[in-house]
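Q: With the input below, show me the fold.
(3 chains)
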Amino acid sequence: MPQPQLDEHGRLRHLLTLEGLPRATLEHLLDRAEQLRALSHNGTRRLDLLNGRTVINLFFEPSTRTRTSFDLAAKRLGADVINFDIASSSTVKGETLLDTVHTLEAMHCDAFVVRHKESGTPEFIARHLRSNCAVLNAGDGNRAHPTQGLLDALTLLRHRADFSQLCVVICGDIRHSRVARSDVHALRTLGIGELRLCAPESLLPDAAEMPGCLLFSDFDAALRGADAVIMLRLQKERMEGALIPSEAEYFRRFGLSSERLAQAAPDCLVMHPGPINRDVEIAADVADGPRSLILEQVGNGVFIRMAVLQELLGK
Amino acid sequence: MPQPQLDEHGRLRHLLTLEGLPRATLEHLLDRAEQLRALSHNGTRRLDLLNGRTVINLFFEPSTRTRTSFDLAAKRLGADVINFDIASSSTVKGETLLDTVHTLEAMHCDAFVVRHKESGTPEFIARHLRSNCAVLNAGDGNRAHPTQGLLDALTLLRHRADFSQLCVVICGDIRHSRVARSDVHALRTLGIGELRLCAPESLLPDAAEMPGCLLFSDFDAALRGADAVIMLRLQKERMEGALIPSEAEYFRRFGLSSERLAQAAPDCLVMHPGPINRDVEIAADVADGPRSLILEQVGNGVFIRMAVLQELLGK
Amino acid sequence: MPQPQLDEHGRLRHLLTLEGLPRATLEHLLDRAEQLRALSHNGTRRLDLLNGRTVINLFFEPSTRTRTSFDLAAKRLGADVINFDIASSSTVKGETLLDTVHTLEAMHCDAFVVRHKESGTPEFIARHLRSNCAVLNAGDGNRAHPTQGLLDALTLLRHRADFSQLCVVICGDIRHSRVARSDVHALRTLGIGELRLCAPESLLPDAAEMPGCLLFSDFDAALRGADAVIMLRLQKERMEGALIPSEAEYFRRFGLSSERLAQAAPDCLVMHPGPINRDVEIAADVADGPRSLILEQVGNGVFIRMAVLQELLGK
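A: All right, here's what the predicted structure looks like:
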């Protein structure tokens, strides 16, 4: 894939995917997120770094969680945020997506945060911009969710500073998961020791798409000795498509129960991008248990999004 | 009822209900609202007391009026406000209420303003918080609407400084009214002289629930000599439940007409929490008349909500 | 029409229509918009002129484009903006429009930005205000869209400083267009040389309503020698009403193709209020071509709205 997201000096111009981003770029964003956390913990929650800047949330899929995280990140940097309501917008009146984008650009916005069910929409927008507005991918189809990949990497790093000896399992509908793809790109770029992807046979990705990853359909085998496990949300519509059996059967084979977790390393960390389906892909007691980093992930998400916005919009 | 809303030093930690709150706490909030009004009238409409703080509106029932009031209150104190859109949120995707709350807490918010049709939801949230976030009840079921109780008390106080000799009537569907309950708690705690509750027989509360109040089903008798009357909005769905007769019949027996108002004290004040049903529970000419404090109530609502936010979030 | 929008000193109190506004008032607003543009281009995007002021968007018709423009304008002047959500508001619960307005006024707002499908609604609101709140018409029925008229005048002025020799064509559903009316008022007040209105016979206005304008039903004739052409959006519902033939037939007779544009002056400017229907009223290559000012119009819209807000709310 080409890298329209880097400018001629190799600086981040958009954040569309983590695929192909240099390790130094990732580490720079992670470092910046850590600095922002430190400021926040010392009581500086609002910075004025992006005063006068305008961030537009263009969410074509419903998502309050991610949108709220971006919203807070932008506001805490001093930017103005417009939540562009797709349902009542000109796009509905038949205006093309690009006309909507160019119209908003003409109002002098500085960033689009884009979520769309079609893979490639953020990149499509980025390729057709007429200003130096930045595009941040907040999730496109099953392709990428780069801020999720970064926040998962940050969360893991804070607990396991040395990635080189680490074995991480990602379990769920890998084939259709943008979270899985961005996690794979982040963790591999940052030099993770071993990366195991586990899914029902029908939901495994093509091996060629995930070089350097080990594929499993036996969750118990995948978990053995793992240092961290990232559970994916079960999309209920998969069941309708007959790609997975019942919820109960799914939990029996691919759910993370405390018994199953016992097969991993004794201090194995548990992650999940949320929102969780309790007792479907993860047992409630595991989600709420001492190894769960699920809420830490949420908190790190705001710092990561602040870091990305600062990198892209700060002068 | 226990008081999870006070901390170990007796300071307000959440505002869930006025029931059981000490008179000093109420008076402190009313005084603070008055100070904020004075600042506003002198031209200081925006304060920076809550810069960097995040207030999240969690409205599970539609309400633009109350939500806008809280929104303005928070913004005028410098806080950032997130209107969490329940309709497109993860709660709809099957996430539990508490998972939503914990997720938002993990993003470092400082207050939840909660409206829910189920009584007790704000308290339920307050009991399960994992941070020192504050919960403000913006109306739960038929249980409590504490900022309405405070703003009604404030409105009355500004016109009748001595509550001890005052006779106040509340008329409408007392049984199902959170406004009535919070008004009763506020006025009784502040030492109101006489409190009369008037409703159709089917909509009267249990006498035991309202100690110290006089119950009436004859509005003319209830009004006799009253110094102030608070009319409640008729919820149209009560009629479907056959608990009240037609609108016309309701107005004939329980509507506040100017003829009926003549039976009260000559300078009897008229209040209503809004939105009003003109000529259903209150005649249009009374709502718009010289004794009506309805719009003053609205204005006081913003100052009360600022006072509560400042008390709960100010350091 | 009376001028409730001017105060006793001839200063702008509301912006309801451009009809009857003095040329000096229009020029003052255009100058101010230019100053705001200059500040913006020098990097001052956010001013604190309206700190503590509250602007309420009251949109009874869906419009993200215009609402976003007003939203950005208000925020860039430092004001707080409330997007009053009509769908979930008390207006839906049966509250009258004026009760909603008076309630919001009681919360001390400073301006209402009103869009409504009924002509005259902004004026109706302005006549019944109880505070010194300002009303900005963001489009009412087919009557007026004054900020559009101003921004179109500004856009044209920046390219053709001398209006006196200029020939401008407006083409589309003139009869039902508030944009056409406000453009006519702006351009005639500012001394445009010649103004031609072109529409299918069934969509022409009464000649008496547009004094000083030339009416055409032959677009080729109207275009001959024109210096600028403003294309109007085709409202699809007109076709349902059998007032116009098919889209293809409409484009053949009234669509702006590059061939047709060749009949105008060689440097004829092309404008459109948006959102455009590509290849219905305007060919895609013309909309995107070198003479198109469509996106400039959008950018100017923000500066015009800032200028109006500053004029109405600045002390």
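
Q: What's the local residue count around the closest residue to chain C within the stretch 101-250 of chain A?
A: Minimum separation of the stretch 101-250 of chain A from chain C (C-beta to the nearest C-beta) falls at A:Ala106, amounting to 3.7 Å. All C-beta spots, glycine's among them, are computed from the backbone N, C-alpha and C. The tally of other residues near A:Ala106 (other C-beta atoms under 10 Å in any protein chain shown) stands at 21.

Q: Also the one 3 residues further on?
A: Each residue near A:Cys109 was counted by other C-beta under 10 Å, and the total is 24.

Q: State the pLDDT value of the residue of the stretch 101-250 of chain A closest to chain C.
A: At A:Ala106, the model reports a pLDDT of 97.

Q: Please state the backbone phi and psi of it?
A: phi -60, psi -20 (degrees, to the nearest 10).

Q: ok, it to chain B distance?
A: Separation of A:Ala106 from chain B (C-beta to the nearest C-beta, to the nearest Å) stands at 27 Å.

Q: for the residue nearest to that residue when sequence neighbours are not counted, what are its contacts?
A: Spatial nearest neighbour of A:Ala106, excluding adjacent residues (C-beta to C-beta, 6 or more residues apart in numbering or on different chains): C:Val298 at 3.7 Å. If a contact means C-beta atoms under 8 Å, 6 or more residues apart in numbering or on different chains, then C:Val298 has A:103, A:106-107, C:65, C:69, C:274 as its contacts.

Q: can stretch A:59-67 be found next to chain B?
A: Yes - Stretch A:59-67 reaches chain B (C-beta under 8 Å from any C-beta of the partner chain) through A:62-65.

Q: okay, these in a markdown table with pLDDT, distance to chain C and neighbour count next?
A: Converted to a markdown table, these look like this (pLDDT from 0 to 100; distance: C-beta to the nearest C-beta, whole Å; neighbours: other C-beta atoms under 10 Å in any protein chain shown):
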| residue | pLDDT | distance to chain C | neighbour count |
| --- | --- | --- | --- |
| A:Pro62 | 78 | 16 | 17 |
| A:Ser63 | 82 | 18 | 20 |
| A:Thr64 | 81 | 15 | 26 |
| A:Arg65 | 89 | 21 | 22 |
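
Q: neighbours around the residue of the stretch 201-315 of chain A found nearest chain C, how many?
A: At 9.3 Å from chain C, A:Lys315 is the closest residue in the stretch 201-315 of chain A, using C-beta to the nearest C-beta. Using other C-beta under 10 Å, A:Lys315 has 6 other residues around it.

Q: Next, work out how far apart it and A:Thr155 are.
A: In this structure, A:Lys315 and A:Thr155 are 30 Å apart, going by C-beta to C-beta, to the nearest Å.

Q: these two touch, right, A:Ala153 and A:Ala186?
A: Yes - counting by C-beta atoms under 8 Å, A:Ala186 is a contact partner of A:Ala153 at 4.3 Å.

Q: More neighbours: which of the two?
A: Legend: neighbour count by other C-beta under 10 Å for A:Ala153 and A:Ala186, higher for A:Ala153 (27 against 24).

Q: got the contact list for the residue sitting nearest the centre point of chain A?
A: With distances taken as C-alpha atoms, centre = their mean, A:Gln148 lies nearest the centre of chain A, 1.8 Å away. By C-beta under 8 Å, 6+ apart, the contact list for A:Gln148 reads A:139, A:178-179, A:182-183, A:273, A:301.

Q: Pick the one among the residues you listed closest to chain B.
A: Distance to chain B, by C-beta to the nearest C-beta, is smallest for A:Gly301 among these, at 7.5 Å.

Q: So which residues on the stretch 101-250 of chain A come close to chain B?
A: Going by C-beta under 8 Å from any C-beta, the residues of the stretch 101-250 of chain A near chain B are A:Lys236.

Q: again, only using 10 Å
A: Contact residues, the stretch 101-250 of chain A versus chain B (C-beta under 10 Å from any C-beta of the partner chain): A:233, A:235-236.

Q: Output these in JSON lines; the columns should cover distance to A:Ala74, pLDDT and secondary structure.
A: Formatted as JSON lines, these follow (distance: C-beta to C-beta, whole Å; pLDDT from 0 to 100; DSSP: H, G, I helix; E, B strand; the rest coil):
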{"residue": "A:Arg233", "distance to A:Ala74": "25", "pLDDT": "95", "secondary structure": "coil"}
{"residue": "A:Gln235", "distance to A:Ala74": "28", "pLDDT": "82", "secondary structure": "coil"}
{"residue": "A:Lys236", "distance to A:Ala74": "31", "pLDDT": "74", "secondary structure": "coil"}
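
Q: quick one: which of those has the most company?
A: A:Arg233 (22 neighbours).

Q: Am I right that it is in contact with A:Asn277?
A: Yes - counting by C-beta atoms under 10 Å, A:Asn277 is a contact partner of A:Arg233 at 6.3 Å.

Q: Spatially nearest residue to A:Val55, not counting backbone neighbours?
A: Take A:Val55 and drop its neighbours on the chain: the residue closest to it by C-beta to C-beta, 6+ apart is A:Ala74, 4.2 Å away.

Q: Can you list the low-confidence ranges for the stretch 1-150 of chain A?
A: The stretch 1-150 of chain A contains residues with pLDDT under 70 at A:1-3, A:87-94.

Q: Which parts of it are helices?
A: Assigned by DSSP state H, counting those that start in this stretch, the stretch 1-150 of chain A shows helices spanning A:23-41, A:64-76, A:97-106, A:121-127, A:146-159.

Q: Please state the offset of the second one from the chain centre?
A: For helix A:64-76, the gap between its own C-alpha mean and the chain's C-alpha mean amounts to 14 Å (C-alpha atoms, centre = their mean, to the nearest Å).

Q: How about the shortest one?
A: Here helix A:121-127 shows a centroid-to-chain-centroid distance of 18 Å under the convention C-alpha atoms, centre = their mean.

Q: Check which helices and strands that helix sits against.
A: Judged by 3 or more C-beta pairs under 10 Å, 6 or more residues apart in numbering or on different chains; DSSP states H and E, helix A:121-127 is in contact with strand A:54-59, helix A:97-106, strand A:111-116, strand A:134-140.

Q: repeat that for 8 Å
A: The helices and strands touching helix A:121-127, judged by 3 or more C-beta pairs under 8 Å, 6 or more residues apart in numbering or on different chains; DSSP states H and E, are helix A:97-106, strand A:111-116, strand A:134-140.

Q: so who does A:Val55 touch?
A: A:70, A:74, A:79-82, A:109-111, A:113, A:309, A:313.

Q: among those, who's most crowded?
A: A:Val113 (31 neighbours).

Q: So in terms of bridging, what pairs with that one?
A: A:Asn57, A:Leu136 (DSSP bridges).

Q: From what I see, it and A:Asn57 are in contact.
A: Yes - using C-beta under 8 Å, A:Val113 makes contact with A:Asn57 at a distance of 4.9 Å.

Q: Perfect, that will be all.
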